[in-house]
Structures are given as C-alpha cells and as structure tokens.
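Enquirer: sequence and predicted structure, then a few things I'm wondering about:
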Amino acid sequence: QSGGVTAFAIRAVLAATGSPTWGMYAGYELVEHVARPGAEEQIDNEKYEYKERDWSRAEEIGIAPLVRTLNAIRRKHPALQRLRSVTLHPTSDDAILCFSRHVPADQSPTGAADTVIVVVNLDPYATREAVVDLDLGALGLRGREGGAPVMAAHDELGGETYFWNSSPFVRLDPHAQCAHIISVRPL
C-alpha cells in the first residue's frame with residue numbers, strides 16, 4: 001500500500017514474469033492504494049459497487065504502457081508461458097531478485113530455445129546495485145575461460161543490449177526502470 005507508482009511497477013513485473021497467468025484488479029493502472037481500514041485490501045475494490053474512473057490518467061502514470069509492454073514480452077517468449085524451468089540466481093544485494101525461465105529447443109513451440117532472465121529491484125524507493133551469480137547451465141549456456149561474455153543480453157524493457165558473463169553487474173533505479181527482462185542470445 002506504500003511505495004507509489006514504483007511499487008506498482010515492481011509488482012506488475014513480478015506478476016507478469018513469475019507466472020504464465022496474471023491479472024490486475026480494476027484501478028491498478030491508476031495506482032489506487034488507499035487501504036480499507038483494518039485490512040490489506042483496497043478501499044475501492046469494487047466487491048460491492050462499481051466505481052467510475054478516469055482511465056486516461058493511466059497513460060500519464062505510466063503503469064498502462066508498462067502493462068502493454070509486459071504483455072507483448074510475454075507473447076513473444078515461450079519461456080514466460082510455462083510454469084516449469086524457473087531458476088533463482090543469487091545476487092549480492094537482497095533487494096535485487098533474479099530468476100530465469102528456460103525452454104529448450106525440443107520443448108519449445110517455435111523449435112528454438114528460449115531463455116529469459118528477470119532482474120528486479122524490490123526497493124521502490126532507492127537505486128540498488130548488485131552482481132548476479134548466473135547458473136549458466138540452467139540458462140542452457142556454457143561458461144568461457146577468463147570470464148568472457150557468453151551471451152548477448154537484450155533488455156526487453158529498456159531496449160539496451162549487454163554482453164554478459166556468469167557474473168553481470170546490474171544497477172536498477174525504480175523511478176526510471178525497476179527491472180531488466182533479458183532475452184538471451186548465446187555468443
């Protein structure tokens with residue numbers, strides 16, 4: 001109920017990438033966060049009545065564009081459409097969560113392997129930095145000597161491409177971009 005827009009963005013990324021199905025309650029795009037006294041649920045949760053909303057504000061707030069982007073990423077990646085093959089990867093900061101989803105080529109509906117790495121800053125207030133310890137085997141990759149890059153890591157949210165080895169450094173500002181959703185291309 002606290003954390004504002006950044007907390008809502010973090011929860012949306014986690015829900016959209018953590019499960020093959022996800023949904024939002026009405027008003028999520030508007031960052032409605034007033035609690036019903038004595039409960040965790042929102043006061044305007046529409047259990048008993050319909051509430052009119054100004055949905056055009058959702059564009060200004062930024063959650064609606066993020067949700068569209070998350071849904072497009074989910075449609076693009078078979079790895080995000082399955083429950084299995086989730087691996088948690090340790091990070092050097094407890095406020096940075098990293099997990100991956102991998103579908104080998106022989107199990108993919110496209111006939112090509114698909115790997116997605118999700119790195120999320122769980123702190124809605126502050127920029128956090130971490131080194132991620134990636135399990136390359138779980139990603140369908142092999143390490144290289146000397147820590148050379150093993151993948152082109154394309155951030156589906158930010159548009160940048162990084163060249164990562166098994167221990168990439170990440171820096172996430174929740175007010176700019178709370179997460180990396182990385183599609184992996186082996187080198």
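Expert: Structure's in. What do you need?
Enquirer: list the buried residues of stretch 103-112.
Expert: Of the residues in stretch 103-112, those buried under the neighbour-count criterion (16 or more other CB atoms under 10 Å) are 103, 108. Just so you know, the C-beta spots here come from the backbone N, C-alpha and C atoms, and that holds for glycine as well.
Enquirer: that stretch: end-to-end distance?
Expert: Stretch 103-112 stretches 8 Å from its first residue to its last (CA to CA, to the nearest Å).
Enquirer: helices of this structure, start to end?
Expert: 4-18, 57-61, 63-76 (DSSP state H).
Enquirer: who wins for proximity to residue 116 among those helices?
Expert: helix 4-18 (7.2 Å; CB to CB).
Enquirer: give me the contacts around the closest one.
Expert: Residues from elsewhere that reach helix 4-18, judged by CB atoms under 8 Å, 6 or more residues apart in numbering: 3, 22, 24, 28, 31, 33, 61-63, 66-67, 70-71, 73-74, 80, 97, 99, 101, 116, 118, 120-122, 124-125, 174-175, 178-179, 181.
Enquirer: repeat that for 6 Å
Expert: Contacts with helix 4-18, where a contact means CB atoms under 6 Å, 6 or more residues apart in numbering, come from 22, 31, 61, 63, 66, 70, 80, 118, 120, 124, 174-175, 178-179.
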